[in-house]
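Trainee: I need the structure of the sequence given here:
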Amino acid sequence: MEVYALIGTDPHKDHRNYNMNMNFEQARNNMVKQQIRPWEVTNHRVLETLGSIQREDFVPARYRKLAYADMGIPLDHGQQMMHPVIEGRLLQAIDLQADETVLEIGTGSGFLSACLAKLGKAVCSVDIHAELSAQASKMLKNKKIKNIECFSGDALNGWMPEQAHDVVVVTGGVREIPEVFKEWVNPGGRLFIISGNSPAMEARLLKRLNISDWEDSGLFETDLPLLVNAEQATKFQF
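Mentor: A predicted model of the protein is given here:
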């Protein structure tokens, strides 16, 4: 789908002044109806969440007019926001309940963090880049989202949560699933992760049935930049 079809622009015109004139509410509605719903996202709570949080406030200012486009939006430090459709499928897959806690590995812009906070009881989010973590934390506070804590650290190299969580969401790709991530999931909980080799990676949902047994389901093929240090972690495992 063309970007200009989503935001109501003409591809042959100069876009520099569109931030001022864009109807972000309409663009948000279009994102839900034209991108997310057609990609088999039908969960009412997920659609309502994605349709209510102002994604344009979380993207870098220079990409604000593209907040609802079907693309991965670049962030500082070489990071990237997920496509909206992937965020929608992720949120539907984990089926987060109002009494559940979430660990998010890779805070990024903080937009997905805001969605998780709205759907769940509490969110712990960590990013390896202190600047991204601080920016996201500030925006979340400005949005008066109080059930989330943001940390800076490397989840692949030393950083650990204070407790296990009902859901663990990994927003960067990995070659192989680190065992330590599975250790942070409560029995009965879920782990969403995208693994494999670019450009044919797979989104997977792992359900922890008990202490030692897991149910592993492939969800869809996609492509996602690797977590920082994911390459080194894979080499270390071997």
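
Trainee: which parts of the chain are strands?
Mentor: Shown for the chain, the strands assigned by DSSP state E span residues 101-105, 122-127, 148-152, 165-170, 185-197, 200-208, 214-222.

Trainee: any chance of these in CSV, with mean neighbour count too?
Mentor: Where you see a C-beta, it was placed from the backbone N, CA and C, and this is true even at glycine. Output for the strands of the chain, formatted as CSV (neighbours: other CB atoms under 10 Å):
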stretch, mean neighbour count
strand 101-105, 25
strand 122-127, 24
strand 148-152, 18
strand 165-170, 24
strand 185-197, 19
strand 200-208, 17
strand 214-222, 13
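
Trainee: identify the residues contacting the residue lying closest to residue 198 once chain neighbours are set aside.
Mentor: Leaving aside its sequence neighbours, residue 198 sits nearest to residue 223 (CB to CB, 6 or more residues apart in numbering; 5.3 Å). Applying CB atoms under 8 Å, 6 or more residues apart in numbering, we find residue 223 in contact with 173, 198-201.

Trainee: ok, residue 223 to residue 230 distance?
Mentor: Per CB to CB, to the nearest Å, residue 223 is found 14 Å from residue 230.

Trainee: overlap of the contact sets of these two?
Mentor: With contacts taken as CB under 8 Å, 6+ apart, the residues that reach both residue 223 and residue 230 are residue 173.

Trainee: leaving out chain neighbours, which residue sits closest to the residue nearest the centre of the chain?
Mentor: Centroid-nearest residue in the chain, with CA atoms, centre = their mean: residue 112, separated by 4.4 Å. Of all residues not flanking residue 112 in the chain, residue 87 sits nearest, at 5.7 Å (CB to CB, 6+ apart).

Trainee: what's the one you found in contact with, if anything?
Mentor: Here residue 87 is in contact with 50, 111-112, 115 (CB under 8 Å, 6+ apart).

Trainee: then residue 91?
Mentor: Shown in contact with residue 91 (CB under 8 Å, 6+ apart): 41, 43, 46, 49-50, 115-116, 119.

Trainee: so which elements touch the longest helix along the chain?
Mentor: Assignment by DSSP state H gives helix 130-142 as the longest helix of the chain. The contact analysis (3 or more CB pairs under 8 Å, 6 or more residues apart in numbering; DSSP states H and E) places helix 130-142 against helix 111-119, strand 122-127, strand 148-152.

Trainee: and that helix, what's buried?
Mentor: 132-133, 135-137, 139-140 (16 or more other CB atoms under 10 Å).

Trainee: Throw the residues you listed into TSV and include pLDDT and distance to residue 194, thanks.
Mentor: What follows is those, written out as TSV (pLDDT from 0 to 100; distance: CB to CB, whole Å):
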residue	pLDDT	distance to residue 194
132	97	19
133	97	21
135	97	23
136	97	20
137	97	24
139	97	24
140	98	24
